[in-house]
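Peer 1: One predicted model, sequence on top.
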Amino acid sequence: MNIGILLKEGPYNHQASDTAFKFAEAAIKKGHHVDAVFLYNDGVTNVTKLMDPPQDDRNIAIRWSELSKKHGFEILACIAASKRRGINDDVLVDGGTITGLGTLTDIAIRNDRLVTFGD
Amino acid sequence: MNIGILLKEGPYNHQASDTAFKFAEAAIKKGHHVDAVFLYNDGVTNVTKLMDPPQDDRNIAIRWSELSKKHGFEILACIAASKRRGINDDVLVDGGTITGLGTLTDIAIRNDRLVTFGD
Amino acid sequence: MENENVKKIMHVLRHAPHGTIYTYEGLEMILIMAAYEQDLSVVFIGDGVYALKKGQDTSAIGIKGFSRTFMALDGYDVEKLYVDQRSLEERGLSEDDLIVDVEVMNSEKIGQLMKEQDVVIHH
Amino acid sequence: MENENVKKIMHVLRHAPHGTIYTYEGLEMILIMAAYEQDLSVVFIGDGVYALKKGQDTSAIGIKGFSRTFMALDGYDVEKLYVDQRSLEERGLSEDDLIVDVEVMNSEKIGQLMKEQDVVIHH
Amino acid sequence: MLHTINKSPFETTTMETCFRFLQPGDPVLFIEDGVYAVQSGNRFSPMIEALQKSNPLFALQPDLSARGIDAVADGVEAIDYEGFVGLVEEHQVNTWF
Amino acid sequence: MLHTINKSPFETTTMETCFRFLQPGDPVLFIEDGVYAVQSGNRFSPMIEALQKSNPLFALQPDLSARGIDAVADGVEAIDYEGFVGLVEEHQVNTWF
């Protein structure tokens, strides 16, 4: 099955990003294809490589980056939402891309499922 | 009167930052001293100079920066909260400083009021 | 005969305007998706009905107003605007309070429409 | 005689743990403030009482647990831990379900304590 | 003590929780989405009109205007940001969100 | 259609709103803070136990464990992330938050 993921909240402050990640991992493990993770609202802040959590905590941006590279999907941040929140190409983690809402529409159309995570 | 402000949500996504700003402006206009604005939780993202909203919209970081410089107070972001969310010295708007929670405690102690804005 | 390449996509607006950005950014998403010729609908539930309230003047809070943008949806061929009847009633509002023409529906009918969708996105 | 340089600061924990970071970052704030020898109290209201629930194991959600940190508050001389009785009862919880000793109070008493504070911070 | 409420009572229990701890005489200021509580003729109007007998109730006019609310429950006073500051001059603040 | 709910019913009206639009037979999955709804013996237990007669109810075990919930209302099945994916295989998803 082809799955798109829409993530609408930022990291750490809300569990949405953690749940989306665990869901993506489990879907891949079951043999499904994660097509893309699209970030909207405060969700765009999931891709800043500047985040620097304590050593014993998860690094949410790097975790998404590694999963996406390993399984060949993109982490896409909405450009309008990103500009409002100070996310630009200079701070993007490897595997992250800034794009428009048209890309989300394509993701919604071409996949069997679009699964939203928010708060 | 001496007033400290605690702001617990990020810009644009929540009105908290807008209300805090309008409150600070009104307090200054009434002759009060705004001692500091302390940013916590997602609130730390109020000071990234990378934000780039549409031309016809307010720039929340610059607005805080200008008010703080004009009236001699600091915009302080909690260091632990900032590190989690990718806010560091390189992206700080003019007038912003990263500091510890001890500073918030000092602000709570030395002012007549600590007014919180959250969501 | 249904076009199998057309997806049923429903946007559910559930937040009041201005207190959070969800309604505004939701509207931005709807306007973009409108260009893709899918079967789009927009449903207003709970505090989402407040987004359509007439007479909003945001000048004093310093946030750009957008309620009039809902009037533009028709021009983008987004014509399926559904409002939950009970959400209106509980808030002491009627259709006359709303800035655009909508279809007021009961929860049962909206629930059935939801179930038919390929994609549902809450804002 | 009261020390006029000591402020009464109340932290109100109102969110469940893990779903949002407010409880955890609230606890971090309390631990720092504890070093400043103010008159500190911590009140658990609404879903905030869940922060104290025994038996939390966060390993499967990948988030670091922190409920045991509440047990450390005593060592920081944060001894005024108040729990709203009705919030406990509505959630089917009793004092035995909580990881630390607290004082269970009714709303009226907590409301009176709130009113005496110089600073109240909700998390 | 001044209590502020910024959440719609239709969506969260914040207002109801605040009211449970509120002491008689303490003012309440509704701001942001909290102002929907005091729109006249909604489900919460009886509660608001009962409360104003024991507590002064205020709503932030800029937030009322932004939301197109032109009629508020009896006994609720609309104030601007300057009025908000005035209340803070008189009281310590308890911000509910 | 699979409905997921991630909010505590004690703090927001999300669950109540979802239930109003839910069609008979459609599964509901409680995740994150939503799992507090199905802790046995709380104020919502009668509602949950009535609903499971018409709709399959699930709760995410990792979220239950994280919150120290070891007993859920009758008829609620605990599943892991793999079970979550399984439900998504069967249904389109309606995420309530």
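Peer 2: Happy to help now that I have it.
Peer 1: which outside residues touch the longest helix that chain A contains?
Peer 2: Looking only at chain A and at elements set by DSSP state H, the helix with the highest residue count is helix A:16-29. Outside of helix A:16-29, the residues within contact range by CB atoms under 8 Å, 6 or more residues apart in numbering or on different chains are A:1, A:3, A:5, A:7-11, A:34, A:37, A:43, A:46, A:58, A:60, A:63-64, A:67, A:71, A:115, A:117-119, D:61-63, F:6, F:31-32, F:62, F:80-82, F:84-85, F:88, F:97. To be clear about C-beta, it is placed using only N, CA and C from the backbone, and glycine gets the same treatment.
Peer 1: Also near chain C: which of those residues, exactly?
Peer 2: Among the contacts of helix A:16-29, the ones lying close to chain C by the criterion of CB under 8 Å from any CB of the partner chain are A:118, F:97.
Peer 1: Show the buried residues in the contacts of helix A:16-29.
Peer 2: Those of the contacts of helix A:16-29 that meet the buried threshold are A:3, A:5, A:7-11, A:34, A:37, A:43, A:46, A:58, A:60, A:63-64, A:67, A:115, A:117-119, D:61-63, F:6, F:31-32, F:62, F:81, F:84-85, F:88, F:97, by 16 or more other CB atoms under 10 Å in any protein chain shown.
Peer 1: so which of these are also by chain B?
Peer 2: Counting by CB under 8 Å from any CB, the members of the buried ones among the contacts of helix A:16-29 that reach chain B are A:10, A:11.
Peer 1: quick one: which of the buried ones among the contacts of helix A:16-29 sit in strands?
Peer 2: Secondary structure of the buried ones among the contacts of helix A:16-29 is defined by DSSP state E; positions in strands are A:3, A:5, A:7, A:34, A:37, A:115, A:117.
Peer 1: any chance of those residues in TSV, with pLDDT and distance to chain F too?
Peer 2: Output for these, formatted as TSV (pLDDT from 0 to 100; distance: CB to the nearest CB, whole Å):
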residue	pLDDT	distance to chain F
A:3	98	7
A:5	98	10
A:7	98	11
A:34	98	11
A:37	98	14
A:115	98	5
A:117	98	7
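Peer 1: how many degrees apart are the longest helix of chain A and strand A:2-7 in direction?
Peer 2: Relative orientation of helix A:16-29 versus strand A:2-7 (axes from the mean of the first three to the mean of the last three CA atoms, to 10 degrees): 170 degrees.
Peer 1: can I get the CA coordinates of helix A:16-29 in PDB?
Peer 2: As requested, C-alpha coordinates have been extracted for helix A:16-29 and formatted as PDB (Å, rounded to 0.1, in the frame of the first residue of the first chain):
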ATOM      1  CA  ALA A  16       2.200  14.000  17.000                       C
ATOM      2  CA  SER A  17       5.600  13.800  15.500                       C
ATOM      3  CA  ASP A  18       6.600  10.900  17.600                       C
ATOM      4  CA  THR A  19       3.400   9.000  16.800                       C
ATOM      5  CA  ALA A  20       3.800   9.700  13.100                       C
ATOM      6  CA  PHE A  21       7.400   8.400  13.200                       C
ATOM      7  CA  LYS A  22       6.400   5.200  15.000                       C
ATOM      8  CA  PHE A  23       3.500   4.700  12.500                       C
ATOM      9  CA  ALA A  24       5.900   5.200   9.500                       C
ATOM     10  CA  GLU A  25       8.400   2.700  10.900                       C
ATOM     11  CA  ALA A  26       5.700   0.200  11.500                       C
ATOM     12  CA  ALA A  27       4.100   0.700   8.000                       C
ATOM     13  CA  ILE A  28       7.500   0.200   6.400                       C
ATOM     14  CA  LYS A  29       8.200  -2.900   8.500                       C
END
